[in-house]
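[1] sequence and predicted structure, then a few things I'm wondering about:
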Amino acid sequence: MTTLGDTTTGRPADHFRSGFACFIGRPNVGKSTLMNALVGTKVAITSSRPQTTRRAIRGIVHRPDAQLVVVDTPGLHKPRTLLGERLDSLVRSTLTEVDVIGFCVPADQPVGPGDKYIARELAGVRRTPIVALVTKTDLVPPEQVAGQLLAVGRLGDFADIVPCSAVDGFQVGLAGDLLISHLPQGMPLYPEGDLTDEPEQVLVAELIREAALEGVREELPHSIAVMVDEMAPREGRDDLIDVYAHLYVERDSQKGIIIGHKGSRLREVGAAARRQIEALLGTKVFLDLRVSVLKDWQRDPKQLRRLGFYD
Ligand SMILES: Nc1nc2c(ncn2[C@@H]2O[C@H](COP(=O)(O)OP(=O)(O)OP(=O)(O)O)[C@@H](O)[C@H]2O)c(=O)[nH]1
């Protein structure tokens with residue numbers, strides 16, 4: 001006879017919920033930051049530049065009575081390049097696979113065409129419940145939050161609408177509770193303590209890209225991609241990991257910007273990335289960072305595949 005209980009904890013499955021959520025919203029509305037706040041650690045990278053996130057990174061929220069696996073998606077936007085089209089198809093397929101969608105709209109900006117475009121897209125995903133999250137409430141007075149709740153309410157048919165702030169923690173727990181309330185009953189999907197199922201190399205590459213994005217000019221962010229070529233403990237040492245990575249840009253001029261005068265900028269990027277990777281891996285890290293030009297990689301299907309962006 002099979003039983004539905006979790007044999008490791010003795011928890012009956014009918015008291016436990018588990019499943020997947022994804023956050024959707026315009027670029028830069030705070031999706032990654034909110035996911036990190038829910039998970040309680042830094043899993044997705046964040047930056048003040050739009051479209052930092054390119055991969056469906058999963059953060060796992062562990063509760064005594066639930067496990068919520070959050071799939072982080074790139075900001076949905078009207079496609080302009082082949083990369084954009086792939087990102088959008090990644091988002092669309094994610095929407096139909098999750099149990100609940102968190103639709104993020106920031107409190108500090110009027111509801112605009114971008115939010116309406118997404119709301120229209122979401123209206124097509126009929127079977128998945130949508131929780132609207134009004135983010136960044138710490139940036140505006142309460143009256144403005146109230147006005148935004150009404151404006152967001154007019155965008156579509158939502159299971160709940162909740163204001164929250166990942167920065168001061170306001171109602172982050174409640175946002176988690178509401179998302180969890182839409183999950184099916186079931187056993188934990190990941191072992192306790194796991195925070196993400198992204199391979200470490202992908203997280204490391206994302207941390208390097210985050211460091212490289214700091215302070216670069218407007219047109220560059222979309223042109224940067226990072227691949228970790230090799231990552232392994234140094235022979236004979238258990239306290240040092242060697243990381244060999246490539247930073248790819250699309251043009252020679254961009255390579256110059258990334259490297260900086262006599263390599264000064266690349267050194268700064270390397271030092272900043274190394275600190276973050278050391279924190280992630282909990283060990284000392286030697287980081288070898290090279291910059292290469294992959295001409296127009298965003299428009300080249302072969303290069304996109306090589307960098308991990310599949311159809
Ligand atoms: N004040 C405030 N700032 C926030 C909050 N959440 C996010 N931010 C900031 O908003 C910016 C964008 O946050 P992200 O979490 O990277 O946004 P995103 O929606 O994941 O962005 P993409 O990956 O581009 O789609 C960052 O500078 C964050 O620090 C918040 O609750 N309050």
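    Arrived safely.
[2] which non-adjacent residue is nearest Ala205?
    Leaving aside its sequence neighbours, Ala205 sits nearest to Val226 (CB to CB, 6 or more residues apart in numbering; 4.3 Å). The way it works is simple: take the backbone N, C-alpha and C, and place the C-beta from them, glycine included.
[3] surely that neighbour touches Gln201?
    No: applying CB atoms under 8 Å as the test, Val226 and Gln201 come out as separate, 10.2 Å apart.
[4] between these two, which has more neighbouring residues?
    The neighbour count for Val226 versus Gln201, taken as other CB atoms under 10 Å, is higher for Val226 (21 against 15).
[5] which strand or helix spans that one?
    According to DSSP states H and E, Val226 maps onto strand 225-233.
[6] that strand: which residues count as buried?
    Ala225, Val226, Met227, Val228, Met231 (16 or more other CB atoms under 10 Å).
[7] mind listing the strands it pairs with, and their directions?
    Counting by DSSP bridges, the strands paired with strand 225-233 are strand 240-249 (antiparallel).
[8] any idea of the angle the very next helix or strand once past the strand it pairs with forms with strand 240-249?
    Next along the chain after strand 240-249, taking DSSP H and E as the criterion, comes helix 252-259. Put simply, helix 252-259 runs at 150 degrees to strand 240-249, going by axes from the mean of the first three to the mean of the last three CA atoms, to 10 degrees.
[9] and the next helix or strand after helix 252-259, how far out from the chain's middle?
    Heading C-terminal from helix 252-259, the first helix or strand you meet, by DSSP H and E, is helix 264-281. Here helix 264-281 is found 20 Å from its chain centre; the criterion is CA atoms, centre = their mean, to the nearest Å.
[10] what residues sit buried inside helix 264-281?
    Quick answer for helix 264-281 (16+ other CB under 10 Å): Arg265, Leu266, Val269, Gly270, Ala272, Ala273, Arg274, Gln276, Ile277, Leu280.
[11] excluding its backbone neighbours, what's nearest the fourth one?
    If you skip the residues right next to it in sequence, Gly270 has Leu289 as its closest partner in space, 4.8 Å away by CB to CB, 6+ apart.
[12] looking at this, that neighbour is in a helix?
    No: secondary structure of Leu289 (DSSP: H, G, I helix; E, B strand; the rest coil): strand, not part of a helix.
[13] ok, it - contacts?
    Leu289 makes contacts with Ile208, Ala245, His246, Leu247, Leu266, Val269, Gly270, Ala273, as judged by CB atoms under 8 Å, 6 or more residues apart in numbering.
[14] could I get the buried residues of helix 264-281 in a markdown table, plus columns for pLDDT and distance to Leu155?
    Formatted as a markdown table, the buried residues of helix 264-281 follow (pLDDT from 0 to 100; distance: CB to CB, whole Å):
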| residue | pLDDT | distance to Leu155 |
| --- | --- | --- |
| Arg265 | 90 | 42 |
| Leu266 | 93 | 44 |
| Val269 | 92 | 39 |
| Gly270 | 94 | 43 |
| Ala272 | 92 | 38 |
| Ala273 | 93 | 38 |
| Arg274 | 94 | 43 |
| Gln276 | 87 | 36 |
| Ile277 | 87 | 39 |
| Leu280 | 77 | 37 |
